[in-house]
Every structure is written in structure tokens, then in C-alpha cells.
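[1] what shape does this take:
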Amino acid sequence: MVTLATIVVIVMAALQYRWSNQVSEATSIRLADSLQMSMINWHLDFFRDFSEICIAMRVDQEIDAPDDWNQYARRFAEWKKTTAHPELVSTMHVIRIDEPRGPDALWLDADALHFEPSNLPLNLAGLRQKLGQAASLATPQGSPGPVSETQNPSSPTPDREFADRFYSGGPLAGWQFESSIPALVRPISHSESAGVDRGNSDPHGREWIVITLNEKMIRDQLLPDLAQRYFRGTEGLDYQVAVVAGNKPARVLYSSDANFGELEVTDADGAMNIFGRLQNEGAASPIHIFHTPSENKGPAASVGITWFPLLGEKGDEEDWRLVVRHRRGGALGAFVADSRRRDLAISFGVLFLLVISIAILIITSTRAQRLAKLQMDFVTAVSHELRTPLTVISSAAENIAHGVVAGKPQLEHYGEVIGNQARKLFEMVEQILLFAAIREGHQHYTLRPIEVAEVLDAALSSTAGLVRAAKFHVEQDVEPNLPQVLGDFSALSQCLQNLITNALKYDSNQRWMGIQARLAEHGLSAKEIQISVSDRGIGINSAELPHIFEPFYRSPSVMAAQIHGTGLGLPLARSIVEAMKGHLTVSSEPGRGSTFTLHLPCLVQTVRQAEEKTTGVVAG
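    Residues are numbered from 1 along each chain as shown. Model prediction:
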């Protein structure tokens, strides 16, 4: 049974560990894919807010006059009425590259809704020089925006296929992004040919529309709204979110938490290049998620990450990056690992409790089996003990009835035999009833001051017949003037009788018994009466000593020697002594005898302790 239980526990532990790993892996993949989709949706909304401006500024060259600048003002007004973020645009300019005289730009007066000549503000002064190199900076017709400088433009990647469909000849054709300002720019076509394709832009344009974005509004309103929309949980943001520009050093455009993103976040759960450029050559996606197994089969493998082409050649210092990290428990990888460790601890804790329960069940079952065996041995012993006196009584009665007994002396002898056997039966029944009463808690003692000498005399007097029949020599050593003890006289006498009977029963032909009573020190200041009953009998093995006070226990050596008994004498003696605030000890050596000692507190000391306790209660 123990072996089977051990095998079951080991198998359960192995399965629990395996299942925990599988659950942890599945949780990691689920969280990673969920985070990746949130980042993709965040990016699509961010891109949509910017692209709406470009779509609103689209001019149909077959219908609209390209020199009618106020048509851009009207379209801008219409965009402000429909957009959710009307403050996203800070200013709008038309920059003239080859203007020989007069102002080099037109500025949109948003209130009057018309363009006025103006000089460029300081933040756009460097942009005019870049736009002058239109031949090298403008994006050729049909060229997709989100292609990385490190990527082969002709490679059929999902990002490029998406960009080909989205940009080529579409409403966003020609628009480019200047990340350092930030601004959206597009060359304005002045082709008078009726066959010009719709949405086409002149790669060598001499005039550019420049839409300057409100970086403060992006930082304080747009990015926080997106973070709340896609990274919010039931109790606020589940993730720390930051948008940083460049990396030498990083410039924090937005951060959900103070100082987050200022330094490189090495344990980020997700990082995305907002411009859609790959973070390193050969990477499958511009999104990096903490759980690598899901990177090649998650949403990013099928959804393109799109952005406007960057104005000119840009290095990593111009990249905008979205960085997220789980708020509770650190990075998601550590959070999942901690959850796995916690689940394993709980599981193995439950398993440990199961092991303890099985162990307790096995121990209880073993003890129950042992107790059942002891009870059967007890029944057998009692039956044997009852049979002997009953046989003697029955035989003596038959001899008397049939006239076998003749004369008064012989009749007196038979009467004494019957009386002794009847007394033995009575004592046995009383012992069993006393044990049952003690076990049920129904035994009550009448405690009173007792003289030690008197209780010893009573016990010896009750067992005098047995001592004479066994031809024992009893040696007494009782100190004079011993203090009284508090106890039940009859019960204490019964306790001593049990010890004396045991000394007679387990003798080894030495026929000697020693009874000693003395005053002894107990602890540092207390005193006690010690009453010892010694014999020179067969003794008790050290392995058996812990069990001799258990009910029904009889050692194998005693049973092999066919010494009669019920196994109740010593348990009863200990119960009686403990009821009188004392205890029973034993010292024994096989072949040399045993000594059982009653330790009883002195009456004077007991009364003093009771008075001190009462005084303390009253004072309290």
C-alpha cells in the first residue's frame, strides 16, 4: 500500500510539473499575441490620425486648379470639422523653392481660411534646404513608403506588398514624413497636361505643401488616448508605455510613467518601430515581442506595419519607437515565470498535503490494525483468565456436591480455594470496568490527605495472600514522618496493588520484592514523594518500554513465557497517578528486574500552589 501510494504521488508530481509548463507556455503565447495585436491596432490608429490629414488635402488635378491655394484652406476647414483631433495640425505652409523674389512661403491663416505670403519660421528654415534637393528626396511615383534602407526594394515581403497596394496611385501618394519637426510634406504638381494621372506628384516639384504637426498635442493628448485605448486594464494601464525618438540619446515623446523610456528598456515586453522599418536586417517584423516562439506565427506575420516614407535618408537616431512593459510583476516573461512558480508552489503544497493525508491514513490504518490485534489478544487473555478460576470453582463445587470432600478441614480448604478464585474474578471484572470508566471519562476520585505508610499497608494487606502463596520476601524501606499526599485512598491502593501483582507475576524465581518510599527533590525548589516497587524478575527490553503503558499491550517475551494477564494493569496505574497530579516511571534491565516508581507531589506544596493560584486570580 505504501509503495502504491508513493508511485501515485510521484506520477502526480511529474504530471503536475508537465502541465504547469504547458499552461505557462500557452499563457506566454496568449499574452504575447494579445500584446502584439494591441500594438498593431495602436499603430493603425496612430497612422490613421496622420493619414486623414493627407487624404483631406488631396487635390484632384483634373477638376481643381493647382494654383488655387485656398482650396487647401477649404479642405483643411472641412478636415477640422470631421476629425477627432482638430488641434493635431499646428501650421500649414506652401514652400516655394525657386522663388527669386518676394516671400519664400505661403502661410495658411486658419481663421481667415486663406494663404498669405510669409517668411518661414525658424523651425522650418532647415527644411527648405532639404526640399530644394527634390530630385534625391522626393519619392518616385508608385514607390511604397515603408521600405527599409536595409531591405531590397524588390523583395516580395508582406510589408512591401501592402505598401504597393496602399500607396501606388492612392490618396497618400507623394506624402512623406519629417520626424525631426514633425511634419508631413508633399510636392505640388503643376503639370498642365490633361493626361496626368490622378494623385500624381512631381518628383522635381518646386513647391511643397508642409503640414507642421502639434508635437505638444501628440504628446499630451493623442498618445495618452491611444495608450488608454489599447493598454488599459480593469485598474488602469496594465503596461508602462513610452514613445521615444532616436537612441543617441533617446528623446521621450510620451511616457505613461515618470522616467520610463529615458534609458534603454532592456526588459521591454514589446518594442515596435513606428516608421515600419525593420530593427535589424533579416528580421521578420518591425515588432519584437518578449515571447519568441510566437514571433513567426503571430499577427505581425500577416498584418503589414505601414508608415509614410521618411524624408531623406534617416538613421536610427530619427526612428520613433513604441516601448511597452508589463506594470505588475515586471516584464511579462518574469510575470509568467512568477505565476508558474506560484502555481507550482500551490500545486506541490496541495500535493504535500495529500502526501501528509495519505501518511496519516496509513499510520491510522496501521494503528487501527494494531489496536484490533491488541483487542483480540485482550479478549483471548481475558477469556483465558476467566476460564481458569471458573474451572477451579466449578470443579470444587462438583467435588463438594458429589461428596468427594469429607471433613471440616478439607471443606475449609475448598472454601478458601473458591473464595480466592472468586476474588480473582471480581478483581478482573473491576479492573475492566475501571479501565472502561477511565477511557470514557466517567471515573471520579475523592481526593483527601493521605499518609503514605497507610496506603502502603493497605496495598500489602490486600495482596498478602498472593505474596504468601508465591513465597516472596518483601523488603520495605519507608522513611519516617513523610509528608502527606493528596489523593484517592482506594484508587492509590489499587495502583500499588497492580504494581505488586506485576512484581509477583514476572518473577524469575528470585522471590524478592522491594518497596521504598522517600522524600525527594523535584526541580529547583519543589519536593515529591517517590514510592517504588522493585523486583528481580525477567525485566523489560528497551524496545518494549515505550509500549508497556499502552492498553492491551503484552510483550512477545511475556506471551512466549505464557504469563497470564490482560495488559491493563500498567495503563490503569498510570491513569490513576496522573489523575492525582503525579506520574509513573520505570527503569528496567532484562534478566535483572524492574523498578516502577510513583511520583506524587507533597500535600503542603500542592496546597501552597493552589493558594498562590487563587490569590493570583483574586488579585487579577
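[2] can we go C-alpha only for contacts and neighbour counts from here?
    Fine.
[3] out of all of them, which helix in the protein is the longest?
    Secondary structure assigned by DSSP state H gives helix 332-401 as the longest helix of the chain.
[4] which strands and helices sit next to that one?
    helix 2-56, helix 408-440 (3 or more C-alpha pairs under 8 Å, 6 or more residues apart in numbering; DSSP states H and E).
[5] give me the residues contacting the following helix or strand past the longest one.
    Think helix 2-56. Downstream of helix 2-56, the first helix or strand assigned by DSSP states H and E is helix 70-82. Residues outside helix 70-82 that contact it (C-alpha atoms under 8 Å, 6 or more residues apart in numbering): 52-53, 56-57, 59, 64, 86, 108, 110, 113-115.
[6] what two of those are the furthest from one another?
    Comparing all pairs in the contacts of helix 70-82 by C-alpha to C-alpha, the longest separation belongs to Asp64 and Pro86, at 24.6 Å.
[7] need phi/psi at Trp307.
    Here the main-chain torsion angles of Trp307 (degrees, to the nearest 10) amount to phi -150, psi 170.
[8] neighbours around Ile529, how many?
    Ile529 has 24 neighbours, counted by other C-alpha atoms under 10 Å.
[9] go through the helix or strand hosting it and flag the buried ones.
    With elements taken from DSSP H and E, the one containing Ile529 is strand 526-535. Within strand 526-535, the residues scored as buried using 16 or more other C-alpha atoms under 10 Å are 527-535.
[10] still on that earlier bit, can I get the contacts of helix 70-82 in TSV with pLDDT?
    Shown next, in TSV, are the contacts of helix 70-82 (pLDDT from 0 to 100):
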residue	pLDDT
Glu52	91
Ile53	91
Ala56	88
Met57	84
Val59	67
Asp64	52
Pro86	89
Leu108	89
Ala110	81
Leu113	82
His114	84
Phe115	86
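[11] among those, which ones are buried?
    53, 56-57, 59, 108, 113-115.
[12] just those now: which is nearest Gln369?
    Comparing the buried ones among the contacts of helix 70-82 against Gln369 with C-alpha to C-alpha picks out Ile53 as the nearest, at 87.7 Å.
[13] ok, now how distant is that closest one from Phe549?
    Going from Ile53 to Phe549 by C-alpha to C-alpha, to the nearest Å gives 96 Å.
[14] okay, helices next: where are they in the stretch 201-350 of the chain?
    Using DSSP state H, counting those that start in this stretch, the helices of the stretch 201-350 of the chain run over residues 215-217, 223-231, 332-401.
[15] now the angle between helix 408-440 and the longest one, please.
    For helix 332-401 and helix 408-440, the angle between their directions (axes from the mean of the first three to the mean of the last three C-alpha atoms, to 10 degrees) works out to 160 degrees.
[16] quick one: helix 332-401 to chain centroid distance?
    Remark: helix 332-401 is offset 33 Å from the chain centroid, using C-alpha atoms, centre = their mean, to the nearest Å.
[17] ditto for stretch 436-449
    Distance, centroid of stretch 436-449 to centroid of chain: 49 Å (C-alpha atoms, centre = their mean).
[18] what about it, how long is it end to end?
    Note: stretch 436-449 ends 27 Å apart using C-alpha to C-alpha.
[19] and the contacts of stretch 437-455?
    The contact list for stretch 437-455, computed with C-alpha under 8 Å, 6+ apart, reads 434, 478, 482-489, 491-493, 517, 575, 580, 603.
[20] let's go with 10 Å and repeat that
    Here stretch 437-455 makes contact (C-alpha atoms under 10 Å, 6 or more residues apart in numbering) with 431-436, 460-461, 478-494, 496, 517-518, 529-531, 572, 575-576, 579-580, 602-604.
[21] quick one: buried residues of stretch 409-416?
    Tyr414.
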